[in-house]
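Colleague: what follows is a predicted protein model with its sequence.
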Amino acid sequence: MSNKTTAIGHSNIAFIKYWGNRDAKLRIPLNDSISMNLDALTTTTTVAFDDALDQDIVQLDDQPADEKTAARVREHLTRVRALAHIETRARVASRNNFPAAAGLASSASAFAALSVAAARAAGLDLSERELSILARQGSGSAARSIPGGFVEWLAAKDVNYTSEQSYARTLMPPDAWALTDVIALVSPDAKKVGSTEGHAAAPSSPFLAERLARLPMRYHHVRRQTLAKNLTRLGPDLEAEAIELHMLAMTSQPPIFYWAPGTVRVLDAVRAWRAEGLEAYYTLDAGPNVHILVAQQDAAELARRVRALEGVQDVLTSGPGGAARVSEDHLF
Ligand code: PMV
């Protein structure tokens, strides 16, 4: 029986950040979050379950995966095996279309693609919501890379929460708003502190409780201005969220500093250009690179200016991306 399946998942950039878990094992977040899938940043993953294998084999960009990554992939395959009531081991190959060394978060696109490919290869027919719940357990933000376009991920609200209560859904399809993300790569290093450790450290910041108390108001504003496609009203909250995420990281015990010198230069430049009339707003992941949201008609000019800044090594540009999906282009 040939069960080989390939899937493509898009990365996403959060407008409202996920930082901190209510349940670390299930990756159930402390708060709802909102993001945009990135059309230009993808992971392609092929999965085949094979009775002849006595262990899972995991390859990334044509190399055997390091032990930490391989273990996380095996855990995810085991979730799929449990759902499908099988024991069979699998061969997995995965490839990012953006440089792995760029320090860009790839876990969202990776676990979205792995979830779609592995579930289908195991003979499961999961709904979008079920796939989002599955992907969430591999990497929280991957829940948001299952549906397409502009997405919200709901935290479980009940006192007696269940895993089924936390999933992502589309707010608006990708073609509804040609918002563009111009990404300034300022450091080629992979993250020094992974987001799993960052989430675990979040409660040690004295500011987490304050953030969570205030967040619902910002959330509703960001949700409304996203649906209204109003960059002018959305932008200031995008920047406030990015600063708050990094403030939480910097005030955790031990403190986590993701910014590089180039990060600060790009933030300064965006503020200066905006004062001169180029309307753009920055946000950041748990890393030094800067995502700058801009109207599509201003993206080329912005990218040109960003490229010329000292410390910027490369610039990627992306519009809104679609849902994670099956593909026929197998990697093996
Ligand atoms: O999915 P994770 O565990 O890599 O967490 C992602 C965390 C941030 O990128 C910093 C914020 C977010 O909501 O994407």
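Modeller: It's in.

Colleague: quick one: the helices in this protein?
Modeller: 67-84, 107-121, 128-138, 195-201, 208-227, 231-250, 261-275, 299-307 (DSSP state H).

Colleague: redo the ones you listed as a markdown table? Include mean neighbour count.
Modeller: For the C-beta atoms, the positions are set from N, CA and C on the backbone; glycine is no exception. Shown next, in a markdown table, are the helices of the chain (neighbours: other CB atoms under 10 Å):
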| stretch | mean neighbour count |
| --- | --- |
| helix 67-84 | 16 |
| helix 107-121 | 29 |
| helix 128-138 | 23 |
| helix 195-201 | 18 |
| helix 208-227 | 15 |
| helix 231-250 | 18 |
| helix 261-275 | 17 |
| helix 299-307 | 17 |
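
Colleague: reformat those helices as TSV; add mean pLDDT.
Modeller: Shown next, in TSV, are the helices of the chain (pLDDT from 0 to 100):
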stretch	mean pLDDT
helix 67-84	97
helix 107-121	97
helix 128-138	98
helix 195-201	94
helix 208-227	98
helix 231-250	98
helix 261-275	97
helix 299-307	98
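
Colleague: and of those helices, who's closest to the ligand?
Modeller: helix 195-201 (3.5 Å; CB to the nearest ligand atom).

Colleague: format the helices of the chain as TSV; extra columns: distance to the ligand.
Modeller: Below are those laid out as TSV (distance: least, CB to the nearest ligand atom, whole Å):
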stretch	distance to the ligand
helix 67-84	11
helix 107-121	5
helix 128-138	9
helix 195-201	3
helix 208-227	12
helix 231-250	6
helix 261-275	14
helix 299-307	20
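
Colleague: to Thr162, which of the ones you listed lies closest?
Modeller: Closest approach to Thr162 among the helices of the chain is made by helix 128-138 (9.8 Å; CB to CB).

Colleague: follow-up on the earlier one: can you say which of the helices of the chain is nearest to Gly149?
Modeller: Using CB to CB, those put helix 208-227 closest to Gly149, at 10.2 Å.

Colleague: hmm, the longest strand along the chain touching the ligand?
Modeller: The longest strand of the chain (DSSP state E) is strand 33-49. Yes: counting by CB under 6 Å from any ligand atom, the ligand is contacted by strand 33-49 at Ser33.

Colleague: quick one: buried residues of that strand?
Modeller: 33-49 (16 or more other CB atoms under 10 Å).

Colleague: before we move on, what about stretch 160-179?
Modeller: Result for stretch 160-179 [16+ other CB under 10 Å]: buried residues 163, 166-168, 170-172, 174, 177, 179.

Colleague: can you narrow these to ones near the ligand?
Modeller: Of the buried residues of stretch 160-179, not one also sits near the ligand (CB under 6 Å from any ligand atom).

Colleague: and of those residues, the nearest to Leu77?
Modeller: Minimum distance to Leu77 across these is 17.7 Å, recorded for Ser163 (CB to CB).

Colleague: thought Gln137 was touching the closest one, still the case?
Modeller: Yes: the pair formed by Ser163 and Gln137 meets the contact definition of CB atoms under 8 Å, at 7.5 Å.

Colleague: so what sits against both of those two?
Modeller: Leu26 (CB atoms under 8 Å, 6 or more residues apart in numbering).

Colleague: these two touch, right, Val116 and Ala324?
Modeller: Yes: if you go by CB under 8 Å, Val116 and Ala324 touch, sitting 4.8 Å apart.

Colleague: okay, and the common contacts of these two?
Modeller: Residues touching both Val116 and Ala324 (CB under 8 Å, 6+ apart): 7, 9, 131, 146.

Colleague: go through these and flag which are in strands.
Modeller: In strands, defined here by DSSP E, the members of these are 7, 9.

Colleague: how about the nearest residue to Phe15, chain neighbours excluded?
Modeller: Closest residue in space to Phe15, ignoring its immediate chain neighbours: Ile34 at 4.5 Å, by CB to CB, 6 or more residues apart in numbering.

Colleague: mind listing the residues bridging to that neighbour?
Modeller: Ile16, Glu152 (DSSP bridges).

Colleague: give me the neighbour count for Gln253.
Modeller: Residues contacting Gln253 under the criterion other CB atoms under 10 Å number 10.

Colleague: hmm, it is touching Ala202, no?
Modeller: No: using CB under 8 Å as the test, Gln253 is too far from Ala202 to be in contact (10.5 Å).
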